[in-house]
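> Sequence first, predicted coordinates after that:
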Amino acid sequence: MWILQCSICGFCINWTIVFMMIKVTKLQKPFAILTAGLALADGIFSTLYLFYATPMVLFHPESLISWSHICGYILMICYDASTCFHFLISLNRFLAVFKPVFYHKMFSIQFTKCLVLCVYLASFCIITLFFQILGCENYYNQELRAFRYSDEDICKFYGQFGDFYQVFTLTLTSTVLDFLAISKVIKMNSKTDRNSKEISLLKQSMSQTLFVLTVVCCFTWGPRFISDREYSFVFSSILWLSVHTFDG
């Protein structure tokens, strides 16, 4: 029942964040816009897992399994966008600390909104290219009780370069940016409340990226070292879902 609990938690929390960001901030702050963009991707991902993937795992209905590649395609768009938002949020905080003048010029309200739209558009185009045009599929495997790529060479190429190396590079870069930003803030002489809040936000961002980095390594290499079906389910389904739940 872990998958049900995790998907419910991710669904409730991420959609609450989306609505709160819109209601409280009116999307008039760059960080709020990026946070809402991340929560939206995580919210859609958690919604699909709650109402589509979870019933497949628990009840194995053929009607859902036969169309699982469509669900997997949308999940991949959300996953790819979420990874990009992690990087942009870390970059946002890094520039705010090290280059505040440039930060205010770059992360204007309109530019940040355009950036969010570009992230979704880029993720949509890349995932559509591989998972709709070139013939790769991310489908539900009943034996493993998890989504996995089909066996085409293009899928293996995407899994290695478009998935693992891209996510690993972005999350590792995000971790470094967060660490540098935290170090800079700590070294500041002023002990104002703003700096305390800034450190808290940076620690939050860093914990998210570290968790994503850990999970990516686990569900990439875990099944290779532990072939047991139950562990494969944990590595593939639970950990993939937990990334988006933990964001919330």
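Yep, that arrived.

> Now do the contacts for the spatially most central residue of the chain.
The residue lying closest to the centre of the chain (C-alpha atoms, centre = their mean) is Ser82, at 3.1 Å. By C-beta atoms under 8 Å, 6 or more residues apart in numbering, the residues touching Ser82 are Leu38, Ala41, Asp42, Phe45, Val243, His244, Asp247. Every residue, glycine included, has its C-beta placed from N, CA and C.

> tell me which element the fourth one falls in.
What that stands for is Phe45. According to DSSP states H and E, Phe45 maps onto helix 30-48.

> and that helix, what does it pack onto?
helix 2-20, helix 68-98, helix 109-128, helix 239-247 (3 or more C-beta pairs under 8 Å, 6 or more residues apart in numbering; DSSP states H and E).

> mind checking how far it is from the chain centre?
9 Å (C-alpha atoms, centre = their mean, to the nearest Å).

> Run through who's touching it.
7, 10-11, 14-15, 17-18, 21-22, 25, 27, 71, 74-75, 78-79, 81-82, 85-86, 88-89, 92-93, 107-109, 112-113, 115-116, 119-120, 201, 241, 244-245, 247-248.

> Now, of those residues, which are buried?
7, 10-11, 14-15, 17-18, 21, 27, 71, 74-75, 78-79, 81-82, 85-86, 88-89, 92-93, 107, 112-113, 115-116, 119-120, 201, 241, 244-245, 247-248 (16 or more other C-beta atoms under 10 Å).

> Okay, buried residues for stretch 91-111 please.
Leu91, Asn92, Arg93, Phe94, Leu95, Ala96, Val97, Tyr103, Phe107.
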